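Undergrad: take a look and give me a structure for this.
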Amino acid sequence: MSRGTGAGYDRHITIFSPEGRLYQVEYAFKAVKSSGITSIGVRGRDSVCVVTQKKVPDKLLDRSSVTHLFVVTKRIGLLATGMTGDAKSLVAGARAEAAEFRFKMGYEIPVDYLAKRLADKSQVYTQHAYMRPLGVSAMFIGMDDEHGPRLYKCDPAGHFVGYKATSSGAKEQEAVNILDKKLKHNPQLSYDETVQTAICALQSILLEDFKPTEIEVGVVSQADPNFRLLTTEDIDDHLTSISERD
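TA: Modelled structure (predicted):
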């Protein structure tokens, strides 16, 4: 990427190439895709769900310590796709932001405001030479008292927006195409349909049937507005329902 006409322009975050590109920011996006993980988020009528692969690179690792899903507040969850070290930094920043908001305002931070604040910080990282963009894409899920379930995605460049369904990681575009087809016929999904649509979309793009231990699923619903991770038993029930339906 830095050869030819762009030679040398990737050595500094704030220098544009003659084509108007910031190579260091593009490298951050590339880091998300090269992580080898694909993540999917789906928003239903009264719930929102995020699903990601759970890859344990070493048999000696404790599986319970490997995760891409993080609790920010009791009611807001974060799914990080990309470099794990950068994800830890992003999660720490999100928790600090939420805690400061709770201390100052006296109530829990709205999920859209949290996503905006983290996006603002990520955007600042593209402006200063003493920082570098975080190589991680973050999905925020939570329940809004006025608008119901919310799903937001923030990218390394600091762009954030709300979604009905979205994806990030290695096979992002393939997942978006599948989700577009699935939600065209039934945009108002129930809780079970929301979870199973997300899992089914991930299975479709990776062309494999998962075991319950090979994926992580995080959900928030109106019945239970607290962010929680589904147990392997719950995931197995949904996988069984998907296989019986197909």
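
Undergrad: which strand of this protein spans the most residues?
TA: Residue-count comparison of every strand in the chain, with assignments taken from DSSP state E, identifies strand 136-144 as the longest.

Undergrad: just the CA trace of it, in CSV.
TA: Coordinates of each C-alpha in strand 136-144 appear next as CSV, following Å, rounded to 0.1, in the frame of the first residue of the first chain:
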residue,chain,number,x,y,z
VAL,A,136,-10.8,-2.5,16.7
SER,A,137,-14.5,-2.1,15.6
ALA,A,138,-17.0,-1.9,18.4
MET,A,139,-20.7,-2.7,18.5
PHE,A,140,-22.7,-1.3,21.4
ILE,A,141,-26.1,-2.8,22.4
GLY,A,142,-28.6,-1.7,25.0
MET,A,143,-32.2,-0.8,25.8
ASP,A,144,-33.3,2.8,25.4
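
Undergrad: list the buried residues of that strand.
TA: Under the neighbour-count criterion of 16 or more other C-beta atoms under 10 Å, strand 136-144 has Val136, Ser137, Ala138, Met139, Phe140, Ile141, Gly142, Met143 buried. All C-beta spots, glycine's among them, are computed from the backbone N, C-alpha and C.

Undergrad: shaky segments in this structure?
TA: For the chain, applying pLDDT under 70 flags the ranges 1-7, 246.

Undergrad: could you rerun that using 80?
TA: Using pLDDT under 80 as the threshold, the predicted model of the chain has low-confidence ranges 1-14, 129, 185-187, 246.

Undergrad: return the distance of the residue nearest to the spatial centre of it relative to Glu233.
TA: In the chain, the residue lying closest to the centroid (C-alpha atoms, centre = their mean) is Met139, at 3.1 Å. Here the criterion is C-beta to C-beta, to the nearest Å. By it, Met139 lies 24 Å from Glu233.
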